[in-house]
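Visitor: curious how this folds, go ahead:
(2 chains)
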Amino acid sequence: MNLKPNREMPEYPGLLIEEPNLSAPADHPAKTIIEPPRGWQVINLREIWRYRELLYFLAWRDVKVRYKQTAIGALWAVLQPFLTMVVFSILFGRLMGLDTEGAPYPVFAYAALLPWTFFSGAFTRSGNSLISDANLISKVYFPRLILPFSAVISMLVDFGIAFIILIGMMLYYGITPGAAVLVLPLFLLLAFLTALGIGLWLSALNVKYRDITYVIPFMAQFWLFLTPVAYPTSLIPDRWQLLYSLNPMVGVVEGFRWALLGNPYIPGMPLILSTGAVLALFIGGLFYFRRMENEFADVV
Amino acid sequence: MSEPAVRVERVGKRYRIGGPQMGYVTLREAIVTAAQVPWQILRDGGPRNSRKEFWALKDVSFEVRQGEVLGIIGRNGAGKSTLLKILARVTHPTTGRAEISGRVGSLLEVGTGFHPELTGRENIFLNGAILGMKKVEILRKFDAIVDFAEIDKFLDTPVKRYSSGMYMRLAFSIAAHLDPEILIVDEVLAVGDSAFQKKCLGKMGRVASEGRTVLFVSHNMPAVVSLCDRALLLESGKLAAEGSPASIVQQYLAKEMSTSVIPLDQREDRSGDGSARIEFLKVESTDPDKIIRSGSRLKLTIGYSSDRSVQRPQFVVSIYDQMDTGIFLLHNDFVGGLPETLPSRGSVTCLTDPINLTPGRCYVHIELLKGNVRADLVPYAGYFDVEADDLFGSGMVPPRDWVLYMLGHSWWLNED
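Guide: Residues are numbered from 1 along each chain as shown, chains lettered A, B, ... in the order given. As a prediction, this is how the structure comes out:
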């Protein structure tokens, strides 16, 4: 006879009553006040700082998951800008013979593709970040800004990997950067702020209007043509230069070339305009995001 | 008395139904809506107000002392989850305010933020961070989390290959080790097998006994009664009652029972020649509060109607469990009691012996025959929940997923 296996009898929950020990945590805990949201508010930077580890873990997750099931893994980070560079070199460098102000076309293009790939990947991921982590938003509290922010950070890893190829190319072509290379991080910061600024707007809008998901790839494509990645800025007629420079990526891309390749074109005026445009975009994005933040959990 | 751990003052939450605030809109929908307006003006004489307002919570105020375990019960849609979401700061109140003293940990849904591609080990860190743990804290508790979840062999396997049981165990284990001063729990105990549920209840009991404040939303009434110091009853977004868990649970169940008449006249999924129809079903117990417990006698009232008087009526009531296993068949021909002819409209009542069923849900099918011809059959006409009852007087009740029936028995040692 096969009796049912001996299973431990569950205690009827009634047996679990235990006297609560009221002497436990008596330290002075932080007080949280929950109130209806009030109009426009500033992003709480201290809170973001407190959640910095979550920022790190989410960025780490993005990087890890991105290449987890791919055959060549992180090589993709290199392949994308590299292959684009090859195509551009054949098309624009060889066939059209674009003027690159001295630098060999492949390096000229790659030095621009590097920040460009970072930027387009970053704002794409950032713009979709709230949607892809919708379950987090509706279940757990944390400053929502962490999501678009971490998406941009995760792209820095790809940037770092792709940068190695650039060093190789510069060695191959025998290009030694001058002291200007020290300013390179500033241009990267500018690209970072641009991507995050756009990402804040797009992600907040995306929660309400899913059309944004379809707009983003189109935007990335369109923006590429408006940025001097394949061609030099000098190609743009003078009377359009000022308007053209409002595109923050003009300053970033020209800045990269200037810092790395010693490009004679000094992006002075464009850079000032670009920086101004970025700051406006970024600060506006912060406010808009903060305002929409309260609704995310109800809408997403 | 020290300051309350949670103070909620006249909190309300409004949702807009149908308007752009509820759910996302696409540009296409926006265009379609705009195009519909002229048509609506023609048809209805004005644009329809599609933005209905709905208060999920209204004017709810209460306090929770430090170290108190507060149960929150109510029907689905009564606002329990909205209240917890507000306290967990996932969503904002529309009116009122709340104050919380201490670190809040919420188990609104365990496993939130798990990534299927990542390994168990990686997910512990990710999920821990999402729930608000610091990295050092996760490192310190890592072994305890793995032990509690019993997944040490699968630590480096992606969680997408986990069984659902392992997945839940890991998820709960991480959340359970959060050690917040105020723990918000919503229905986590509804998942997992009974052994794991027992473990979770045990963990909650321990958290409570350590003097933490717990807010516990559940449909598991025995758990609410045994774990909580006090309970709230929410009804359509308002605080309906507050008091000792036993009295609140009883009040809630009694209310559920008083609305236990199940109208059946709208049901389309019926069969039979339709010469007589089953109009309603009412299931209650003979206990004074009408709550159906393991030891209760069932009282079923069936309303019927027909064009003319009903000859040779046969009422057949079959009761099934969730697995569609037949439990009881109640038939007036088995036991007699009904006259040969019934008036054209009326109701009949069937009273049973004590059911001795384990706590859980039962479904009722009703069939009405005239002579031997089926006049009406309503499958799944209704259901009732059997509440736990200390039938053996030992405080122990076997769970439904082991057995259906509780049989009185006695033991002795044979003297040889």
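Visitor: quick one: low-confidence residue ranges for the stretch 151-300 of chain A.
Guide: Applying pLDDT under 70 to the stretch 151-300 of chain A flags residues A:263-267.
Visitor: show me what from it comes close to chain B.
Guide: A:207-211, A:294-295, A:297-300 (C-beta under 8 Å from any C-beta of the partner chain). Where C-beta positions appear, they are placed from N, C-alpha and C, glycine not excepted.
Visitor: and the residue most central in space within chain A, what element?
Guide: Chain A has residue A:152 as the residue nearest its centroid, 2.1 Å off, counting by C-alpha atoms, centre = their mean. Assigned by DSSP states H and E, residue A:152 belongs to helix A:146-172.
Visitor: so what does the closest residue to chain A within chain B have for phi and psi?
Guide: Distance from chain A to each residue of chain B (C-beta to the nearest C-beta) is smallest for residue B:211, at 2.5 Å. Here is the backbone geometry of residue B:211 (degrees, to the nearest 10): phi 90, psi 10.
Visitor: how about the secondary structure of the closest residue in space to residue B:133 that isn't next to it in sequence?
Guide: Nearest non-adjacent residue to residue B:133, counting by C-beta to C-beta, 6 or more residues apart in numbering or on different chains: residue B:178, 6.3 Å away. With DSSP: H, G, I helix; E, B strand; the rest coil as the basis, the three-state label of residue B:178 is coil.
Visitor: run a quick neighbour tally on residue B:178.
Guide: 19 (other C-beta atoms under 10 Å in any protein chain shown).
Visitor: and for residue B:380?
Guide: Residue B:380: 13 surrounding residues under other C-beta under 10 Å.
Visitor: distance of residue A:166 relative to chain B?
Guide: Counting by C-beta to the nearest C-beta, to the nearest Å, the separation of residue A:166 from chain B is 30 Å.
Visitor: among the residues of the stretch 151-300 of chain A next to chain B, which two are most distant?
Guide: Pairwise distances among those were taken by C-beta to C-beta; the largest, 21.8 Å, belongs to A:211 and A:294.
Visitor: before we move on, back to that, look up the closest residue to the residue nearest to the centre of chain A, ignoring the ones flanking it.
Guide: Per C-beta to C-beta, 6+ apart, closest to residue A:152 is residue A:122, 4.3 Å.
Visitor: what's the neighbour count on the one you found?
Guide: Residue A:122, neighbours per other C-beta under 10 Å, totals 26.
Visitor: repeat for residue B:171
Guide: Around residue B:171 there are 25 residues (other C-beta under 10 Å).
Visitor: helix, strand or coil for residue A:180?
Guide: Residue A:180 ends up helix, using three-state DSSP.
Visitor: list the contacts of it.
Guide: A:258-259, A:262 (C-beta atoms under 8 Å, 6 or more residues apart in numbering or on different chains).
Visitor: gap between it and residue A:270?
Guide: Applying C-beta to C-beta, to the nearest Å, the value for residue A:180 to residue A:270 is 16 Å.
Visitor: pull the contacting residues for residue 130.
Guide: Answering for chain A, as no chain was given. With contact taken as C-beta under 8 Å, 6+ apart, residue A:130 is in contact with A:137, A:144, A:147-148, A:203-204, A:206-207, A:296, A:300.
Visitor: my question was about chain B
Guide: A:54, A:57, A:136, A:140, A:142, B:112-113.
Visitor: equivalent analysis for residue A:278, please.
Guide: A:190, A:193-194, A:197, A:248.
Visitor: ditto for residue A:114
Guide: Here residue A:114 is in contact with A:81, A:159, A:162-163, A:166, A:256 (criterion: C-beta under 8 Å, 6+ apart).
Visitor: go on, residue A:157?
Guide: Counted by C-beta under 8 Å, 6+ apart, residue A:157 has contacts A:59, A:63, A:77.
Visitor: residues near the residue lying closest to residue A:161 once chain neighbours are set aside, how many?
Guide: Leaving out its chain neighbours, the residue that sits closest to residue A:161 by C-beta to C-beta, 6+ apart is residue A:77, at 4.3 Å. Other residues within reach of residue A:77 by the criterion other C-beta under 10 Å amount to 25.
Visitor: again, but for residue A:80
Guide: So residue A:80, with other C-beta under 10 Å, has 16 neighbours.
Visitor: state the distance from it to residue B:389.
Guide: Taking C-beta to C-beta, one finds residue A:80 at 66 Å from residue B:389.
Visitor: re the thing from before, neighbour-wise, give me the winner out of the contacts of residue A:278.
Guide: residue A:248 (29 neighbours).
Visitor: can you give me phi and psi for that one?
Guide: phi -60, psi -30.
Visitor: contacting residues for it?
Guide: By C-beta under 8 Å, 6+ apart, the residues touching residue A:248 are A:190-191, A:194, A:274-275, A:277-278, A:281.
Visitor: still on that earlier bit, could you work out the most separated pair of the contacts of residue A:278?
Guide: Across those (C-beta to C-beta), the longest gap, 10.4 Å, separates A:190 and A:197.
Visitor: residue ranges of the strands in the stretch 1-150 of chain A, please?
Guide: Under the criterion DSSP state E, counting those that start in this stretch, the stretch 1-150 of chain A carries strands at the ranges A:31-34.
Visitor: pLDDT weak spots in it?
Guide: In the stretch 1-150 of chain A (pLDDT under 70), the answer is A:1-30, A:39.
Visitor: and the strands in the stretch 51-200 of chain B?
Guide: According to DSSP E, counting those that start in this stretch, the strands that the stretch 51-200 of chain B contains are B:52-64, B:69-73, B:95-101, B:104-107, B:182-186.
Visitor: what comes into contact with the third one?
Guide: What it means is strand B:95-101. A:29-36, B:3-12, B:14, B:59-61, B:66, B:86-87, B:181-182.
Visitor: then the fourth one?
Guide: By C-beta under 8 Å, 6+ apart, the residues outside strand B:104-107 that reach it are A:32, A:139-141, B:84, B:87-90, B:131-132, B:172, B:175, B:178-186, B:188.
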